[in-house]
Every structure is written in C-alpha cells, then in structure tokens.
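1. fold the stuff below for me.
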Amino acid sequence: MTDQATRPSMLARLRWPHALLGLSTLFGLVALRGETRFAQPLNDSAFHMQMVRWAGGQIHRGRVPLDGWYPWLSLGSSFFHHYQSLPETLTAYAAAATGASDQTAYLWILYLLLATWPISVYGGSRLLGWGRWTAAGAAAVASLLVSSPGYGFEWGSYIWSGIGLYGQLWAMWLLPLAWGLTWRSVKDGRRYAAAAIAVALTIACHFIAGYLALLTIGVWVIVLGAGHIVPRLLRAAAVAVGALLIALWVLVPLIGGTTWTNSSEFFRGTIFNDSYGTRRVLTWLVRGQLFDHGRFPCISLLFAAGLIICIWKAPRDPRARGLLGVFALSLILFCGRHSLGPVLGWLPGSADVQFQRFEMGVDLAGILIAGVAVGTGVNALRDLFARRLPGRYAVLLGAAAISLLVGILEPAWSERYDYARTSAGYIDAQRTYDSTQGRAVDSLLATVKRLGGGRVYAGLHGNWGERYTVGYVPMYAWLADHDVDQVGFTFRAINSLSTDVEAAFDETNPAQYEMLGIRYLLLPDGHPPPVPATLIASAGGSRLYRVANTGYFQVVDRSAAITADRTDVEQASRPFRESDRALHDVYPGVAFAGGPRPAPTYAGNAPPRGTPGVVVSSTEDRSGGVFAASVNLRRTAIVLLKASYDPNWTATVDGRSVKPVMMAPSLVGVKVGPGSHFVRFRYAPFGAYPTLFAIGILAALAMAILPRRTTFARRLRFHR
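-> Coordinates of the predicted model:
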C-alpha cells in the first residue's frame, strides 16, 4: 500500500496563484452579470450596436461587411472602410452563427471579455517572463482600476453607465498578449507568427492600441541592452513588418483614404487632440487618481511599491527594464502632443492620433508593475518562512498570501462591486422607461420610417438635445438605437467629411435643413420648432414635425467653387451655410484637396430665374448605398444627393456612367442636361480586400515556417 503520509494532499497540489486568478475572474463574472440585460444604450454603445446591426444586415444580404455605405450618422460615410470595425463584424458573425440577436451577442461578448480580462493579463505577464505570483497579482489588480480621465482599461470605459468603448475592449484583451509575444520574439527569436498576428489583430480592433503595440516593439529592443543589438533589431523588424503585412486589409483603406476623411477643427487644442498635458497627468499619478480616483489608493500604493522594485532590479533584470520602458513610453504619449515638443510630430500619422487614449498603456503597465509588488512580497514571505514551517503547513502560506492581498485590495473590490451594482440598477430603471415612454416614441419613429424621404433632427449632442431623453438615454442616441437617419449624434462617424458641418448645424436657419436633408423635427412637448414646421404626430411627451424641403435629392444650379480640404470643410463652407442660397437651389462646387475647380452650370454672375428642375420621385436603399431619382430639368444643372462625398461614389444618368463631383458643404452630385432623366447613385465598396488578405495570410505562413526551417537547417549543418 502507498504510504498516505507521503501522498501530497489536494491542498498541497493546489496552485495558489491560479486560485487567485480564478477568484479575480469570478469577481468580474458575478459583479458584472447585470450588464447582460438589455436596455437602450445611452453612450457609444449606441453606435457600436448600430455597427453590429449594419454588419449583420450585410451578412444577411450575402455580403462580407468590410466596406459599404454606412448611412446613419453624419450624413453617411464609408465608415467600415476607415474605422476599426473588426469587433463589430465578428460580433455580427457570432450572432449569425448562434442564432442570437445582435444585441444579445454584443452584450454577452462585452460581459465575457470584461469579466475574464484578468486571464489575458495573467497570460501576458507570464509571456513577459514573470512568475506565477507576479502574474496572478497583476490579474487581481486588473479589474479594479478607476481613473480621473475615465478612458483607460477600467469598467467605466465599457459598461452601460460608462462610455461604451467596445472596440477598445477587444484591444484591451489583446494588448497584454501582444506585449508578451513580441517580447518573446525580440528577446528569444520565438513565436514570430503569433506575435505578428497578435499585433495585427490589435490594430484591426483599435488603431491606437495597435499603434502602441508597434511602438512597444522598439522599447523591447532598447531595454534588452546593447549586446546582440543587430539580431534583436532584425527580430523586431520581422515582427513589426509581419504585423503590418497581416493588417494591410485595415491599413491600406485607412491610409489610402486619408485625404477624404475629416480632420476635425473642433478637436484642435482640446484633450481629444492634445491630451491633458504633463502637469495634469503627473498630478493625477502622484495623487493616486490614475488608478484609484475617489477612493483609498490601494492600487496606487502597490504600483508605487512595484515601481521601486523595478527600478532596483532594472540594472540586472531586463523584465523590470521592459515594464519601466513601456510605462515611460505610455506616460509620455498620454501627457500629450506637447510633452516632447516637435519630437512626437516625428511619429507616423501623429497628426491624427488622439493622445489622450494612450492612458491604456499607462494602465496596463501600471497593472503589471503592481503585480511585481505582489509577486516580490509573496516570494519574500515564502523564502522567510519556508525553512521554519513543516512541509505539510507550508502550503498554508498561499492561503495566507491570498487573504492578505484581498485585505489590501478590499476598498477597491468593494467600490468596484458597488459601481457595477449601481450600473445594474440604472439598467433596470431604463428598461422600465423603454417599455413605457420608449414605446410611445417608437410609434413616432415608425411614422418617420413610413413617410421617409429625409433625416430627423432631435437636438445636438452640444445643445438642448443632451437633456431631451427617454429615461437616461438622449434622444439622438435613441434614434441611433433604432437606425433612424439623423443629424445630431455628433463626432461618432468622425471620418465623414460632414462631421464638422453637422456639429456646426444652425437649427434656426431653414436653408441648413434643406442642404442637410432634414425633413423631420422630433421635439419635447413645450419646445417650439426653431423653423416653420407642421405637426404630424405626438406621443409620450414628444412631438413630430415635418419641415417643407426636398429631402435627399435636389436639382440645383452650381455657382463658383469654394476651396477646401479635410481640415477646413466647415470653415470653407460657412458663408454658404449661413446664407439662404440652398433655398433658392444654388450651391457652390468644391475644389477639394487641390483638385480642379468645378465650373458653374450657368454663365454670368447669377443663375437664370426660376427653378432649374424638380425631383419627380426618389427611392433609397440606404444600407445598400443606392439612391435613385427621376428628375425633370429645365436647363443643365446638378442633381444633388445630400449624402457625404466619398470618392467611391458612382453614378449613372439614364444608365450611362458619369463622374460624381463634390458640392458644398460636403455633398455629392452629378451634372445633368435638360429633360427628363433617371439618376442613380451607388457606393462602390473597396475591391482590393482579397489581395490584401492573401498578402497577410502569406506573411503569417512565412513567419510560422521560415524561422523553423532556418533552425532545422542550422542543426542539420551542425550534425553533419
């Protein structure tokens, strides 16, 4: 018989770091369970869910939702062509594969990714070479952050009552693994393909997180020391180039279409362009407000201890130098555009980077550094007591370490649990509003969809629209939740050339309703229409009005062109938008980004008297990117489609292809001669995706196969 005394007990076999990881994950699963219940979203989740629905609609049409006309925000745009849309696309495919609704797939993926994020942190820490207790300590801290800015790796960035940064959530899960895998590749020459794929997926899920992952590869080269620098540079270059090749399907459309994407004038000089500044960021860091805003700074104290330990270990431990390096890089970037003066301007694409979002790097590095404090403390206790305790009692050290850490983190655990419970309470309250006031508003939106022919205005994000709500949900977010074409939910489709034009909308100018195709007003009771309008329905404390205009199409004379580019569309078109010329069927052309100046459609200084023509009838397949109209023209004029200009617009007149042109303020039109005609606009999706995917697949295969063959060849030569 086996001696029972020599058989290890279950307690002895238990890996206590794994128990701590499981406890951290279980905490998220329990605390966040309320987020799986649907209530109309009030934050950025409104348009992320809208993206999932659009992608799902394309899938049901038999299309791959990589590109297409996204009609719902900022007068429409080729949103998926320019945006980090992989998370929403995969969510739509998950819904289609499981038979779940789009919103159910969205909520459960959000819940599981957020609750299980400690697993990713643990894996990333282990890949970086740290021990189990260090990795488990980092995992325990991962879900407990709360910051003053509120855009980092914390629950408030994602949950219902927070900000709703769905794409960043996917990148949050990927970034620890990307850091760990690229570290292995640069340091040891291992896992090139896995590292490149992880970085490429991070890029596809969130451009700024992917940008940080690429910059981090350079940090690894530096912190590993001066010895063998050339091999490390080659390894780093192989991973970075491989990642870029795999991500070409995202990067080529993004970079190639830069000329035709908006660079908002409203972001210049704000935190969205320049971040918060060095003094403010360092003040938050020193006062513990980057990791423990509004509570006892337990995470900040662990971070401070881990920082001291890393600095002490740095001369002899490259892992410590690595964490210090990525923390310093992220902190400098997070401080903003002016932290290093013109140096940050040398970074590729830095003019379009929102530096305040690099808080994510500060958070992740801070989590890993706090984990170093935990790991060092547990290992020190183990070394101190291992010789003094009998073997059968030494296993209790793990339980004691977990209990001590839970006690240290108790203020953060309690605060985060209460925060999640409060959010769940808001969800319950909103569900009540959805089933009462919301149903009444939905009846008005059904009227809008039945009548069609134009957009809805229910206030702007920056005016009274912020206070016009269904429960907690602003009405412009409610419209997005119901796929209503609207003007008002600003700075969401930020690539659209109409972004700044929408933000500068003057609700008192009837001409702007005409040029933006706004046919309906949705207003709270007691709020008079800002322009002449006819009441057509009312319900649930809201009133629906109709504005007399031409809707999506208009036949216009083209006057002398204005000059604009992606940085000043709103400023260049302001004199026209402040005038009443749109009401008299006169629009300027646009000489865009150094392009030719479209000639006026009439001779002399003023157009002929009388309307140039009329729209007889029109149809719209907005999600399909097809708009058509029958028109009758008295003279040569422009048939104007009130959708954002994009170079991928195509057009036919009576079946004959014609080249669309840009019209002020940011619209698309075609020149048509006198008579009756049928004009059709269609957005033609980007067609090079198969080639770009093929390049990426070949690059991944090459990185997986060639290093192994090279190692095999070296061993073979040595054997011979």
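2. and residue 392, what pLDDT?
-> For residue 392, the model assigns a pLDDT of 53.
3. what do you get for the one 10 residues further on?
-> What the model reports as pLDDT for residue 402 is 75.
4. which ones are touching it?
-> Taking CB atoms under 8 Å, 6 or more residues apart in numbering, we find residue 402 in contact with 16, 19, 20, 23. Every residue, glycine included, has its C-beta placed from N, CA and C.
5. give the next helix or strand downstream of the host helix or strand of residue 428.
-> Taking DSSP states H and E as the definition, residue 428 sits inside helix 396-435. Counting by DSSP H and E, the element after helix 396-435 in chain order, helix or strand, is helix 437-451.
6. which helices and strands sit right next to that next one?
-> Packing contacts for helix 437-451, counted by 3 or more CB pairs under 8 Å, 6 or more residues apart in numbering; DSSP states H and E, involve strand 469-470, helix 475-481, strand 518-524, strand 534-539, strand 542-546.
7. just name the most buried of those.
-> Mean neighbour count, computed with mean count of other CB atoms under 10 Å, is highest for helix 475-481 among those, reaching a mean of 26.
8. pull up the pairing partners for the helix or strand following that one, direction included.
-> Per DSSP H and E, the first helix or strand lying C-terminal to helix 475-481 is strand 486-487. Its sheet considered, strand 486-487 pairs with strand 455-457 (parallel) by DSSP bridges.
9. lowest-confidence one in the contacts of residue 402?
-> On pLDDT alone, residue 16 ranks lowest of the contacts of residue 402, at 79.
10. related to what we said a few turns ago, run the angle between the helix holding residue 428 and helix 437-451 for me.
-> Interaxial angle of helix 396-435 relative to helix 437-451 (axes from the mean of the first three to the mean of the last three CA atoms, to 10 degrees): 60 degrees.
11. closest to residue 270 out of the helices and strands packed on helix 437-451?
-> Evaluated over these, closeness to residue 270 peaks at helix 475-481, with 20.7 Å, by CB to CB.
12. so what's residue 445 up against?
-> Residue 445 neighbours (CB under 8 Å, 6+ apart): 479, 482, 484.
13. just the buried residues of the contacts of residue 402.
-> Buried subset of the contacts of residue 402 (neighbour count, 16 or more other CB atoms under 10 Å): 16, 20, 23.
14. which residues does the nearest residue to the second one once chain neighbours are set aside contact?
-> The reference is to residue 20. Leaving aside its chain neighbours, residue 20 sits nearest to residue 136 (4.2 Å; criterion: CB to CB, 6 or more residues apart in numbering). For residue 136, the contact set (CB under 8 Å, 6+ apart) comprises 16, 17, 18, 20, 21, 24, 122, 371, 374, 375.
15. mind running it again at 10 Å?
-> 15-24, 118, 121-122, 125-126, 130, 371, 374-375, 378, 401-402, 405 (CB atoms under 10 Å, 6 or more residues apart in numbering).
16. do the same with residue 321
-> Residue 321 makes contacts with 219, 220, 222, 223, 224, 225, 310, 311, 313, 314, 315, as judged by CB under 10 Å, 6+ apart.
17. one step back: ok, the contacts of residue 402 vs residue 652, which is closest?
-> The shortest approach to residue 652 among the contacts of residue 402 belongs to residue 23, at 63.2 Å (CB to CB).
18. name the helix or strand for that closest one, please.
-> Assessed by DSSP H and E, residue 23 sits inside helix 16-31.
19. how about that helix: buried residues?
-> 16, 17, 20, 21, 23, 24, 25, 27, 28, 31.
20. which strands or helices does that helix pack on?
-> Other elements packing on helix 16-31 under the criterion 3 or more CB pairs under 10 Å, 6 or more residues apart in numbering; DSSP states H and E are helix 102-115, helix 117-127, helix 132-142, helix 359-385, helix 396-435.
21. turn those helices into a markdown table, including distance to residue 636.
-> As requested, these are exported to a markdown table (distance: least, CB to CB, whole Å):
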| stretch | distance to residue 636 |
| --- | --- |
| helix 102-115 | 46 |
| helix 117-127 | 61 |
| helix 132-142 | 64 |
| helix 359-385 | 54 |
| helix 396-435 | 51 |
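22. deepest-packed of those helices, please.
-> Buried most deeply of the helices and strands packed on helix 16-31, by mean count of other CB under 10 Å, is helix 132-142, with a mean of 29.
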